[in-house]
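Asker: What shape does this take:
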Amino acid sequence: MTDVAVKVEKQLNLKEPPLYKVIFIDDDVTPMDFVINILMSTFKHTLEESQELTHKIDAEGSAIVAILPYEIAEQHGIEVTVLARNNNYPLQVKIEADK
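Answerer: Okay, here's the model as predicted:
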């Protein structure tokens, strides 16, 4: 009797994780330099990108600073909020689904 090996291939349906927008909301207290530094250190934006985003936040009241998978967006939002509060700034970060 001959043993027959059957090869079974499983088909995986992998999906990209849903993306979320990280939004900074303007306030009258948090200094622009602090926001620029956060954008460079946490979100790895260049100095020029960080300055542009900061001016957009100031002019429009808010701006999307990153679009990331949920867990990463949430973690960055928490990190930014903790840094802001540790420096006595009221900077607000909002996370919302990217459509």
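Asker: What ranges does the chain have for its strands?
Answerer: 19-25, 62-69, 92-97 (DSSP state E).
Asker: Could you list the residues in contact with the second one?
Answerer: Under the contact criterion CB atoms under 8 Å, 6 or more residues apart in numbering, strand 62-69 has outside partners 17-26, 39, 43, 45, 53, 56-57, 73, 76, 94, 98. C-betas here are computed from N, CA, C, even on glycine.
Asker: burial count for the nearest residue to residue 87 once chain neighbours are set aside?
Answerer: Taking CB to CB, 6 or more residues apart in numbering, and ignoring the residues beside it in sequence, residue 87 has residue 34 as its nearest neighbour in space, at 6.6 Å. By other CB atoms under 10 Å, 16 other residues sit near residue 34.
Asker: quick one: residue 34 from residue 85, how far?
Answerer: For residue 34, the distance to residue 85 under the criterion CB to CB, to the nearest Å works out to 12 Å.
Asker: Likewise for residue 73?
Answerer: Applying CB to CB, one obtains 19 Å for the distance of residue 73 from residue 85.
Asker: Can you pick out the residue with more neighbours from the two?
Answerer: Neighbours per residue (other CB under 10 Å) separate residue 73 from residue 85, with residue 73 holding more: 22 against 11.
Asker: Verify the contact between the residue nearest to residue 87 and residue 90 for me.
Answerer: No - here residue 34 lies out of contact with residue 90, judged by CB atoms under 8 Å, at a distance of 11.3 Å.
Asker: Right, I'll call it a day here.
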